[in-house]
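Student: Structure, please.
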Amino acid sequence: MVSRLALAVRALSVYSVATAVAPANAATALDARDASNSSWAQYVRSPSSSTVIPVGIVAGSVTGNVSDPGALLGVDASHVTVLSRLSSADAVACLTIDFGQVHAGQLHINFAGAQKAPGSDAAAGHGHPSLQLAFSETMEYLTDQSDFTRSFNAPDDTSDHVVFDGVDQIAVKLDPYTWIDQQGYFLNKYFNTVVLALDRFYPNHTDAETSLLSKDPKFGDYAFLPRNGSVTYYNALYVLALQRGADLADYLSQDSLSSTWRQRAGTVARSLLQRNWDSSVGAFFDGSPCSGSALCPTHSQDGNSLAILSGVTASHAGNSSSNGTTAAAESILTFLSSAMRRPYGNAFFDNDRLGSFSQRVYPFLAYFELAARFATSRATAPSAYEELRRLYGWMSAHEPGVTFWEGIDAGGAPFEQGFTSMAHGWSAGVTPLLTGFVLGVKPTAPGFGTWAVKPVVDGSGLSWARGQVPTPAGPLSVSWQIGSGNASFRIQVDVPQGTNGTVSVPVDDTTTSVTLDGTEVLVATSDGYVTVPCGAGTHVVEVGSSEIAVDLK
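Tutor: Numbers count the residues shown, from 1 in each chain. Next up is the predicted model:
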């Protein structure tokens with residue numbers, strides 16, 4: 001038998017080279033979404049069982065000599081499906097099984113028996129029963145070969161017979177793995193690697209005059225982007241790496257390193273603003289050179305978004321005490337909305353000066369823009385929800401419908417047809433967005449020792465949200481609701497023992513009443529929120545009914 005394992009599969013084509021017999025598996029089929037059900041539960045598409053059987057045979061897919069193909073659907077365990085091909089002149093026996101939607105897992109096929117074709121010459125290698133499988137994440141690109149997998153990039157392992165070109169592999173144990181080391185073990189073991197990266201590798205690729213990273217053209221980039229020089233994306237990431245490295249140094253009481261890295265982050269941020277800021281549009285240039293220009297007149301989604309998230313924009317001269325530190329960030333987000341908006345998301349470049357990129361959308365990179373929109377201010381929050389719905393709404397409305405694409409090209413099609421991963425983990429940024437901004441839960445110290453709950457509700461169109469985030473001390477549960485009883489906004493948090501944090505609620509102004517567990521608290525607003533501290537236990541924060549201004553459109 002020749003078989004392949006797919007991590008994500010919508011359809012499976014089965015081909016018989018000789019004679020093979022396969023019975024049905026017993027399992028529970030996944031029902032399609034019930035549109036008549038008004039409950040949010042209708043959108044839960046995960047199977048009710050860890051074992052999933054096909055929902056049908058694709059119409060017109062049965063060719064050659066296939067008897068009782070429906071037995072593969074598990075309706076009657078006493079029946080078997082038989083695929084036979086008695087001679088090379090016969091058509092290949094084939095059928096396509098539809099699992100209804102993409103599932104991640106391991107395929108199991110039970111064989112009732114197999115036999116050689118009568119009169120075959122076994123010595124010549126003829127007549128040996130074999131079964132070939134081809135997986136596809138979509139019906140559109142289903143062929144007699146599996147969708148492209150990274151294994152096609154690997155040569156056949158002719159010595160150990162472990163890796164074969166075009167054959168999917170599973171290289172980890174199926175059993176759950178439990179992390180047993182104490183908090184900090186990994187950091188203590190590898191912190192010196194962080195030091196080497198920040199104090200040796202990066203400085204070796206830094207422009208001495210500007211303190212900016214300068215990418216060598218020989219180095220690669222995602223999506224094969226032809227970028228080099230002091231690119232905004234790399235330097236914004238460099239600032240973020242220095243900041244996060246400083247946080248790690250703080251945890252290990254490495255005060256000197258922490259101070260050095262934060263100072264360097266500030267220097268790089270100021271240099272990046274000075275070199276790459278395009279005042280004509282209110283956003284960063286990509287930073288690469290192109291034909292006829294040392295600073296190509298093109299702007300990228302990745303660099304601009306990460307410049308906001310890393311705090312580079314906070315030191316922009318256009319920020320003032322009257323508008324806080326968000327003016328530059330809001331300018332960038334306004335530009336991205338106008339220059340990169342597409343029906344299926346926001347493109348990752350505004351023009352094609354570096355290549356044909358202005359129509360392409362990467363959900364992976366959209367995560368950073370969406371996070372920047374959620375994080376910048378209440379004024380930009382509605383645009384985060386709008387883009388999120390436009391991007392993920394497009395993917396949910398097109399095949400395969402329940403998974404996230406690697407990339408989207410002009411017209412909203414997969415940007416490399418069957419080569420494109422249609423169940424792409426890098427594109428699942430909507431998950432932390434929902435947890436960190438919609439539910440509003442984020443850690444503020446290692447191991448959730450401290451945390452912050454700050455739901456972003458403006459422009460959400462939501463009336464409630466609830467969820468639970470696991471922490472080493474136990475689950476942190478959050479439930480919020482718009483218009484609950486006499487309160488215009490109500491949030492309840494169930495805090496595990498040994499932790500503490502803050503809960504922030506949206507308010508209109510300082511005349512709004514805010515209560516914590518029934519006791520009115522002093523209202524001091526910051527960015528349109530009131531923040532109150534909470535320790536272990538159950539706490540309820542309510543906002544008075546008359547003054548809250550939450551745009552749900």
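Student: contacts and neighbour counts: CA atoms only from here.
Tutor: OK.
Student: Walk me through the domains of this structure.
Tutor: Structural domains annotated on the chain: 9-153, 186-428, 435-544, as defined by automatic domain parsing.
Student: Reformat those domains as TSV; add mean neighbour count and mean pLDDT.
Tutor: Below are the domains of the chain laid out as TSV (neighbours: other Cα atoms under 10 Å; pLDDT from 0 to 100):
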stretch	mean neighbour count	mean pLDDT
domain 9-153	17	73
domain 186-428	19	94
domain 435-544	18	93
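Student: need the contact list for residue 537.
Tutor: 494-497 (Cα atoms under 8 Å, 6 or more residues apart in numbering).
Student: Swap in 10 Å and give it another go.
Tutor: The contact partners of residue 537, by Cα atoms under 10 Å, 6 or more residues apart in numbering, come to 476, 493-497, 499-500.
Student: Next: residue 498.
Tutor: 448-450, 472-474, 535-536.
Student: Quick check: nearest residue in space to the residue nearest the centre of the chain, chain neighbours excluded?
Tutor: The residue lying closest to the centre of the chain (Cα atoms, centre = their mean) is residue 428, at 2.0 Å. With sequence-adjacent residues excluded and distances taken as Cα to Cα, 6 or more residues apart in numbering, residue 428 is closest to residue 404, at 6.4 Å.
Student: pretty sure the one you found is in contact with residue 425, am I right?
Tutor: Yes. At 7.5 Å, residue 404 and residue 425 qualify as touching, with contact defined as Cα atoms under 10 Å.
Student: Which neighbours do the two have in common?
Tutor: residue 364.
Student: pretty sure residue 207 is touching residue 213, no?
Tutor: Yes. Here residue 207 reaches residue 213: they are 6.2 Å apart, a contact under Cα under 10 Å.
Student: list residues touching both of the two?
Tutor: Common neighbours of residue 207 and residue 213 (Cα under 10 Å, 6+ apart) are 229-230.
Student: and the strand of greatest length in the chain, what does it pack onto?
Tutor: Secondary structure assigned by DSSP state E gives strand 93-103 as the longest strand of the chain. Helices and strands touching strand 93-103, as assessed by 3 or more Cα pairs under 10 Å, 6 or more residues apart in numbering; DSSP states H and E, comprise strand 9-16, strand 56-57, strand 65-67, strand 80-84, strand 131-136.
Student: Next, the angle strand 131-136 makes with the fourth one.
Tutor: Orientation of strand 80-84 against strand 131-136 (axes from the mean of the first three to the mean of the last three Cα atoms, to 10 degrees) gives an angle of 110 degrees.
Student: ok now strand 80-84, how far from the chain's centre?
Tutor: 41 Å (Cα atoms, centre = their mean, to the nearest Å).
Student: CA atoms of it as PDB?
Tutor: C-alpha atoms of strand 80-84 as PDB (Å, rounded to 0.1, in the frame of the first residue of the first chain):
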ATOM      1  CA  VAL A  80     -17.100  -3.500   2.000                       C
ATOM      2  CA  THR A  81     -15.900  -1.400  -0.900                       C
ATOM      3  CA  VAL A  82     -13.900  -3.300  -3.500                       C
ATOM      4  CA  LEU A  83     -11.600  -1.600  -6.000                       C
ATOM      5  CA  SER A  84     -10.200  -3.900  -8.700                       C
END
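Student: Note down every partner strand of that strand and its orientation.
Tutor: Here strand 80-84 has these sheet partners by DSSP bridges: strand 20-23 (antiparallel), strand 65-67 (antiparallel).
Student: related to what we said a few turns ago, okay, and which of the contacts of residue 537 map to helices?
Tutor: With DSSP state H as the criterion, helices contain none of these.
Student: tell me which of these is nearest to residue 217?
Tutor: residue 476 (46.4 Å; Cα to Cα).
Student: Could you double-check that that closest one sits in contact with residue 495?
Tutor: Yes. Using Cα under 10 Å, residue 476 is in contact with residue 495, at 5.3 Å.
Student: Need the residues touching each of those two.
Tutor: Residues touching both residue 476 and residue 495 (Cα under 10 Å, 6+ apart): 451, 536-537.
Student: The host helix or strand of residue 190 packs against which elements?
Tutor: Secondary structure assigned from DSSP states H and E places residue 190 in helix 185-196. With contacts taken as 3+ Cα pairs under 10 Å, 6+ apart, helix 185-196 sits against helix 232-251.
Student: What helices and strands are in contact with the next helix-or-strand element following the helix it packs on?
Tutor: Per DSSP H and E, the first helix or strand lying C-terminal to helix 232-251 is helix 255-276. Where contact means 3+ Cα pairs under 10 Å, 6+ apart, helix 255-276 is packed against helix 232-251, strand 283-284, helix 301-309.
Student: run the last query once more with 8 Å
Tutor: helix 232-251 (3 or more Cα pairs under 8 Å, 6 or more residues apart in numbering; DSSP states H and E).
Student: now the angle from the helix it packs on to helix 301-309?
Tutor: Going by the same axes, to 10 degrees, helix 232-251 makes 40 degrees with helix 301-309.
Student: Quick one: residues in contact with helix 232-251.
Tutor: 187, 194, 198, 212-213, 255, 257-259, 261-262, 264-266, 268-269, 272, 276, 284-287, 302-304, 306-307, 310, 312.
Student: Likewise for stretch 341-349?
Tutor: Contacts of stretch 341-349 (Cα under 8 Å, 6+ apart): 298-302, 336-337, 340, 357-362, 365-366, 387-388, 390-391, 393-395, 408, 412.
Student: Residue 406 is in contact with the residue nearest to the centre of the chain, correct?
Tutor: No. Assessed by Cα atoms under 8 Å, residue 428 is found out of contact with residue 406, at 9.6 Å.
Student: what's the overlap in contacts for the two?
Tutor: Common neighbours of residue 428 and residue 406, using Cα under 8 Å, 6+ apart, are 363-364.
Student: Model confidence score at residue 159, please.
Tutor: pLDDT recorded at residue 159 is 58.
Student: quick one: residue 316 and residue 328 touch, right?
Tutor: Yes. Between residue 316 and residue 328 there is a contact at 6.5 Å, judged by Cα under 8 Å.
Student: got the contact list for residue 196?
Tutor: Residue 196 touches nothing, counting by Cα under 8 Å, 6+ apart.
Student: that older thread, ok, of the shared contacts of residue 476 and residue 495, which one's closest to residue 416?
Tutor: Comparing the shared contacts of residue 476 and residue 495 against residue 416 with Cα to Cα places residue 451 closest, at 41.3 Å.
Student: Show me where the stretch 401-550 of the chain has its strands.
Tutor: 441-443, 450-453, 464-469, 476-484, 487-495, 500-506, 514-516, 519-520, 525-526, 529-534, 537-544 (DSSP state E, counting those that start in this stretch).
Student: wait, which of those is closest to residue 332?
Tutor: Ranking these by proximity to residue 332 (Cα to Cα) places strand 525-526 first, at 22.0 Å.
Student: Give the pairing partners of the closest one; include direction for each.
Tutor: Short version: by DSSP bridges, strand 525-526 pairs with strand 529-534 (antiparallel).
Student: Could you give the separation of the partner strand from the chain centroid?
Tutor: With Cα atoms, centre = their mean, you get 30 Å for strand 529-534.
Student: what does stretch 45-59 give?
Tutor: 24 Å.
Student: likewise stretch 256-267?
Tutor: 30 Å.
Student: Secondary structure class of residue 108, three-state.
Tutor: The three-state label given to residue 108 by DSSP: H, G, I helix; E, B strand; the rest coil is coil.
Student: Against residue 186, how distant is it?
Tutor: For residue 108, the distance to residue 186 equals 37 Å [Cα to Cα, to the nearest Å].
Student: ditto for residue 130
Tutor: 47 Å.
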